[in-house]
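Q: could you work out the structure for the sequence below:
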Amino acid sequence: MPPETPNMDPKPVRKEIPFARLAKPSRAKWYVRAGLITIGVGLAVIFGLAMSINPYGPDGAPRSMATHTQLGLPPCNFVVLTGKPCPSCGMTTSFALLVRGDVGASLRANWVGTLLAMFWSGLLVWSVGSGLLGRLLLIPRGRGELILTVIIGTFLVLMLGRWVGVLLGT
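A: Model prediction:
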């Protein structure tokens, strides 16, 4: 038998791909999809309520807080007891001003509320899209809790930082 000679015409070596990579990602269960759609609907209701509130005073000037009372809610207890605004004072007004396109007044009422409203508008689109497609868009697998924790923590730090600034008069 003649000795084997090396192949002069090497064929490309086909790399084995594990089966797990070939499998399509599974779709979210029905209750996850329903939850995502419910979040989107809830956020749409919040923006609808913001549209129903009049964030302007009788003179036409934008208010800075207390518009939530138009929804039948009581005045802020913190303001009533201390005379100082609470960390979330002005958020409802900020939302109501932003949905009307009055960005400057929204930022003056509560700039964290403006950021939160903008974030929630994106979250509304994301949650409905994710619910309809059956998978979390733009969220790497296994990172959802971390991302959610970072987002909530960031907004809390911003809100409390803004509050300290308001209390100190800056």
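Q: quick one: contacts for the closest residue to Gly131 other than its chain neighbours?
A: In this structure, Gly131 finds its nearest non-sequential neighbour in Leu36, 3.4 Å apart by Cβ to Cβ, 6 or more residues apart in numbering. Using the backbone N, CA and C atoms, a C-beta is placed for each residue, glycine as well. Counting by Cβ atoms under 8 Å, 6 or more residues apart in numbering, Leu36 touches Ala28, Ser127, Val128, Ser130, Gly131.
Q: so who does the closest residue to the first one other than its chain neighbours touch?
A: Sequence neighbours aside, Gly134 is the residue nearest to Ala28 in space, at 4.9 Å (criterion: Cβ to Cβ, 6+ apart). For Gly134, the contacting residues are Arg27, Ala28, Arg33, by Cβ under 8 Å, 6+ apart.
Q: go with 10 Å
A: Pro25, Ser26, Arg27, Ala28, Lys29, Trp30, Val32, Arg33, Leu36 (Cβ atoms under 10 Å, 6 or more residues apart in numbering).
Q: and which of the residues you listed is nearest to Val150?
A: Leu36 (19.4 Å; Cβ to Cβ).
Q: and the contacts of Leu36, which two are furthest apart?
A: Pairwise distances across the contacts of Leu36 (Cβ to Cβ) peak at 13.3 Å, for the pair Ala28 and Val128.
Q: returning to what we had before: ok, so of the contacts of Leu36, who is nearest Arg162?
A: Ser127 (25.9 Å).
Q: which element follows the host helix or strand of that closest one toward the C-terminus?
A: Using DSSP states H and E, Ser127 falls within helix 103-133. Downstream of helix 103-133, the first helix or strand assigned by DSSP H and E is helix 144-168.
Q: which secondary structure elements does that next one sit against?
A: helix 103-133 (3 or more Cβ pairs under 10 Å, 6 or more residues apart in numbering; DSSP states H and E).
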